[in-house]
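Q: after the sequence you'll find the predicted model.
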Amino acid sequence: MNADATLIGPTAPPELHVMTLNVRRAMEGPLIARADRWSTRAPAVHALLASERPTLLGLQEALPRVMPSIRRALGDGYRSLGRGRGRGGTGEGTPLLYDGTRLQLVDGGQRALSDRPDVPGSTGWGNAIPRIAVWAEFVDRSTGARLLAVNTHLDPFSRRSRRRSAADIAAFVQERGIPAVVTGDLNADVRSASVRALFDGERLTDARAVADVHLSPQWGTYTHYRRPRVGRRIDAIAVTPGVQVRAVGANACTFDGVHPSDHLAVQAVIRVGAVDASSARRTTR
């Protein structure tokens, strides 16, 4: 394990620790590269989550069979919401996991990113594979603040699907009308036209753009098990006005030389409530 393997770690009220992580589909077999096998990566994934213990975690590419061990790594107080993207709730999911001792679930569900959002497994907008968004409305047990969380994984092939999905999520956030955080693997850079609707600066803003502190360089978040370098950020956290981003960073830690995923986890410390303009200074380390 790295000597300094914790980017943020557990946070105390009134702050919340938010993480998004494409955990990479769990696969095995002789044709799968060793670095990509779940049996290789699982201990590193578990070590990452156990050391960081985010209050709120959005996963992508999570298969049902890995979820019990992921919940165990986080701890007994954690709960999860969301099913697979298939018609029967099978296949890859984009679950939200949360610390139930801190966040009280008020409402939540799963939407297909299509013209039929209430039909599980439905497709459209140019994506041949179902795409989904899992959402939850919470009350912070410590502060009483309300927060909407949305987690998604946008289509890697269709720009049209990404545009429509981003616009759908932004409209959904606006409709709910409370402070919100969106986590996801967008499969496009945060500055790209295909996800621009998610970062319009009015309803939702890139957390890195408004963070008080940057905990890492502007790493590209898809590393394919290589050392990180500055590049395209396709994994991101977005926030609405009223959510203050105290710190943000991409986690490049390895554990005994093993990368948890081919993506970096993106993490942020947020506060829900009025933003103090005097704290708008940003520093980088």
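A: That came through, no problem.

Q: only C-alpha atoms for contact and neighbour calcs from this point on.
A: Will do.

Q: how many neighbours does G91 have?
A: Using other C-alpha atoms under 10 Å, G91 has 16 neighbouring residues.

Q: run through the residues that contact it.
A: If you count contacts by C-alpha atoms under 8 Å, 6 or more residues apart in numbering, G91 has them with 63-64, 84-85.

Q: may I ask which of these has the most neighbours?
A: R85 (25 neighbours).

Q: show me which of the contacts of G91 is closest to V248.
A: L63 (27.0 Å; C-alpha to C-alpha).

Q: quick one: the closest residue to the closest one other than its chain neighbours from A62, how far?
A: Spatial nearest neighbour of L63, excluding adjacent residues (C-alpha to C-alpha, 6 or more residues apart in numbering): E92 at 4.8 Å. Distance of E92 to A62, computed by C-alpha to C-alpha, to the nearest Å: 5 Å.

Q: mind listing the strands for the stretch 151-285 of the chain?
A: For the stretch 151-285 of the chain, the strands defined by DSSP state E, counting those that start in this stretch occupy 180-185, 205-206, 213-214, 235-239, 243-251, 265-272, 283-284.

Q: so is the residue nearest to I70 when sequence neighbours are not counted in a helix, a strand, or just coil?
A: Closest residue to I70 apart from its sequence neighbours, by C-alpha to C-alpha, 6+ apart: H46 at 6.4 Å. Under DSSP: H, G, I helix; E, B strand; the rest coil, H46 falls in the helix class.

Q: contacts for the helix or strand harbouring W135, please.
A: If you go by DSSP states H and E, W135 is part of strand 132-140. Residues outside strand 132-140 that contact it (C-alpha under 8 Å, 6+ apart): 81-82, 85, 94-96, 102-113, 145-154, 169.

Q: centre of the chain to stretch 174-186, how far?
A: Relative to the mean C-alpha coordinate of its chain, stretch 174-186 is positioned 11 Å out (C-alpha atoms, centre = their mean, to the nearest Å).

Q: go on, stretch 95-111?
A: 13 Å.

Q: what's the first-to-last distance across it?
A: Stretch 95-111 end-to-end distance (C-alpha to C-alpha) = 12 Å.

Q: could you do stretch 152-160 as well?
A: With C-alpha to C-alpha as the measure, stretch 152-160 spans 16 Å from end to end.

Q: pLDDT of that stretch, averaged?
A: Mean pLDDT, computed over stretch 152-160, is 97.

Q: same question for stretch 23-40.
A: Here the average pLDDT along stretch 23-40 is 97.

Q: pull the residues that contact it.
A: Contacts of stretch 23-40 (C-alpha under 8 Å, 6+ apart): 41, 45, 59-63, 66, 92, 225, 258-263.
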